[in-house]
Structure formats: C-alpha cells, structure tokens
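In: let's see this in three dimensions:
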Amino acid sequence: YYIDSYYERMEDLNYLGYTKNVLFKNSDLYTISNLDTLISANVPYKKAKKYLAVKGAQIQDIKKYVDSGLSPLKAVLHVSYPGIDSSKKDSRSYTIENPEDTLILIKNGFSVPSDYVPKDLRDVNIPYETEVGQLRDEAATALEKMYKDGLKQGYSIAIKSSYRSYDTQLAVYNEYFAMYDAAYAASLVSIPGSSEHQCGLSVDLTSQSVMNGEYGTFGETPDYNWVEQNAYKYGFILRFPENTGDRTGATNEPWHFRYVGKEAAKEIHDKGWILEDYIEHHGFTYNLRLN
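Out: Numbers count the residues shown, from 1 in each chain. Just a heads-up that it's a prediction; the model follows:
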C-alpha cells in the first residue's frame with residue numbers, strides 16, 4: 001500500500017528531491033499523509049534535509065522551520081515544542097516513541113503509551129516506607145549506591161514511591177481531583193501517561209528519620225540536604241526545584257528525584273538547570289509523534 005501510494009506521488013516527490021531511497025528507508029517518518037504534506041509544502045529535500053535530521057522534527061512544520069531562519073535544532077524546538085516550557089501555552093501533545101531513553105522529557109503534553117511498562121524493572125534493595133520500590137535496573141543500581149554511600153556518612157534514605165503503572169497513576173490522579181480544586185490538583189499530580197513514575201526513572205524519597213517521627217517531611221531533614229547536594233554524582237537530579245513550577249508545570253517537590261545518567265545530571269547540576277533547560281539546549285535524543 002505504501003509503495004503504491006508512493007508511486008502515485010512519485011513525480012511530485014522526485015521533483016522536490018525526495019527519492020525512493022530516502023523515503024523507503026524512513027517510512028515510519030514519511031507516512032502517506034506526510035508525503036502529501038511534503039508535496040504541499042513545496043520545500044526541496046536539499047533545504048529540508050538538515051531540519052528533518054533533527055530528532056523530533058515534525059513533517060507538517062517543515063515550511064515553518066525553513067522560513068524561521070533559525071538553526072535546525074532551534075527551529076524544530078521553537079516551532080514544534082514551545083510546550084517544553086510549561087509557562088508557554090501549547091495546544092499540541094506528543095507521544096514519546098522511545099520511552100526507554102533515559103533522557104525523555106515526560107510531563108503534561110509529552111506522554112508515553114498507557115500500556116508501556118519498562119522491560120528492566122526490578123526491586124530496589126534499600127529501605128522503603130510501605131512497599132518495595134521498583135526502578136529500571138540502571139536507576140536502581142545508582143540509587144542503591146547512593147544509599148550505601150549515604151549510610152557511611154550517617155544519612156539513611158528510603159523509598160516512599162517509585163515505579164507506578166498507568167492504572168496506578170490514574171487512581172492517584174482521580175483521588176487528587178476528588179479532594180482538591182481542579183487547577184490545584186493539576187499542579188500536584190501528573191495526567192496518567194505523563195508521569196515520570198511510569199518510566200521507572202523517578203523516585204520519591206523519604207528517610208529513616210521521617211519514618212521514626214523525628215521530622216515531618218523529607219525536605220526538612222539533613223538526609224535531604226545530603227541527597228540534594230550529591231544526587232548528581234549518581235545520575236539523579238532534583239526534578240522539581242523551588243521557583244521552577246511555571247516551567248516544569250509542577251509544584252516544588254523536594255522528595256522527587258529523577259535519573260538521567262551521570263553526564264546529564266552533572267551538567268544540569270553545574271549549570272543550575274532543570275531538565276527543561278537541558279532539552280532546550282541539547283534537543284531530543286528520540287522521536288515524538290504528534291497526537
């Protein structure tokens with residue numbers, strides 16, 4: 001069907017430089033509807049190529065990319081993804097096509113499929129408040145290392161919440177909306193499919209001192225101060241720092257840490273960034289599908 005559809009449009013596509021070799025190798029990107037979009041945009045492949053090479057590029061925006069006069073990465077992010085910054089209104093929403101990527105930006109407007117479950121989930125061998133924590137293997141190993149190193153210095157962290165399935169997140173979401181005003185609830189809990197917890201890369205931490213009743217919340221503890229200062233060494237970042245809620249779309253959560261890998265975590269820490277800054281600077285390392 002795809003081949004037949006291509007040949008029906010072959011003359012127009014070849015005129016613009018979109019050869020069979022280019023299109024057939026990337027038929028997941030160049031869908032039939034996108035072939036029609038390329039023809040109507042009337043942008044030669046020679047001009048479009050550098051934009052289409054950027055991860056996350058959207059075919060329907062190709063003319064806007066070219067007309068923007070921006071560098072390819074900046075054009076793609078500026079035109080297609082203003083919603084990286086939650087303070088900027090964006091009617092679009094995207095599905096992340098490679099949820100296994102440790103650098104995914106998942107938040108309202110950027111979701112994973114409801115049936116997505118990480119393949120390498122495992123129990124994390126550190127204390128927990130109510131139930132055994134689960135993370136992807138790489139994140140679990142890093143958290144176990146951070147726990148052991150903290151113990152040596154007199155700090156004892158524990159898991160309050162970690163991996164959540166789509167259905168579990170849906171239950172949490174419904175509970176919050178039953179208790180609070182809709183706008184306030186939306187700032188406290190992620191839409192199902194848009195929660196970092198579904199990816200097995202995020203953990204809500206507490207400490208033994210909180211569980212013993214010495215402190216009311218994790219954010220008050222010396223354990224938190226140590227984690228906040230050292231998490232990047234293990235590949236974790238404080239995902240929702242104070243005074244960033246307009247951009248992250250979430251209120252300050254001193255307990256919520258996200259695994260991004262040591263290299264990205266160090267850059268984010270050293271530059272005082274949040275994950276949104278990192279994406280705006282480096283772009284995506286995966287493709288996204290416009291919903």
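In: switch to C-alpha atoms for all contacts and neighbour counts from now on
Out: Will do.
In: and the end-to-end length of stretch 50-58?
Out: Across stretch 50-58, the terminal residues are separated by 13 Å (Cα to Cα, to the nearest Å).
In: give me the residues contacting that stretch.
Out: Outside stretch 50-58, the residues within contact range by Cα atoms under 8 Å, 6 or more residues apart in numbering are 59, 62, 65-66, 72-73, 75-76, 80, 283-290.
In: what mean pLDDT does that stretch have?
Out: Averaged over stretch 50-58, pLDDT sits at 94.
In: stretch 147-160 too?
Out: Stretch 147-160 comes out with an average pLDDT of 97.
In: export that stretch as PDB, just CAs?
Out: Taking C-alpha atoms only, stretch 147-160 is exported to PDB below (Å, rounded to 0.1, in the frame of the first residue of the first chain):
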ATOM      1  CA  TYR A 147      22.000   4.800  49.700                       C
ATOM      2  CA  LYS A 148      25.200   2.800  50.700                       C
ATOM      3  CA  ASP A 149      27.400   5.900  50.400                       C
ATOM      4  CA  GLY A 150      24.900   8.000  52.500                       C
ATOM      5  CA  LEU A 151      24.900   5.400  55.200                       C
ATOM      6  CA  LYS A 152      28.700   5.700  55.600                       C
ATOM      7  CA  GLN A 153      28.200   9.400  56.300                       C
ATOM      8  CA  GLY A 154      25.300   9.000  58.700                       C
ATOM      9  CA  TYR A 155      22.400   9.500  56.300                       C
ATOM     10  CA  SER A 156      19.600   7.000  55.700                       C
ATOM     11  CA  ILE A 157      17.300   7.400  52.800                       C
ATOM     12  CA  ALA A 158      14.300   5.300  51.900                       C
ATOM     13  CA  ILE A 159      11.800   4.900  49.100                       C
ATOM     14  CA  LYS A 160       8.300   6.400  49.600                       C
END
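In: hey, where'd the strands end up in the stretch 151-291 of the chain?
Out: Under the criterion DSSP state E, counting those that start in this stretch, strands of the stretch 151-291 of the chain are mapped to 157-161, 202-207, 236-238, 256-259, 288-290.
In: could those strands go into JSON lines alongside distance to residue 115?
Out: As requested, the strands of the stretch 151-291 of the chain are exported to JSON lines (distance: least, Cα to Cα, whole Å):
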{"stretch": "strand 157-161", "distance to residue 115": "20"}
{"stretch": "strand 202-207", "distance to residue 115": "18"}
{"stretch": "strand 236-238", "distance to residue 115": "25"}
{"stretch": "strand 256-259", "distance to residue 115": "21"}
{"stretch": "strand 288-290", "distance to residue 115": "16"}
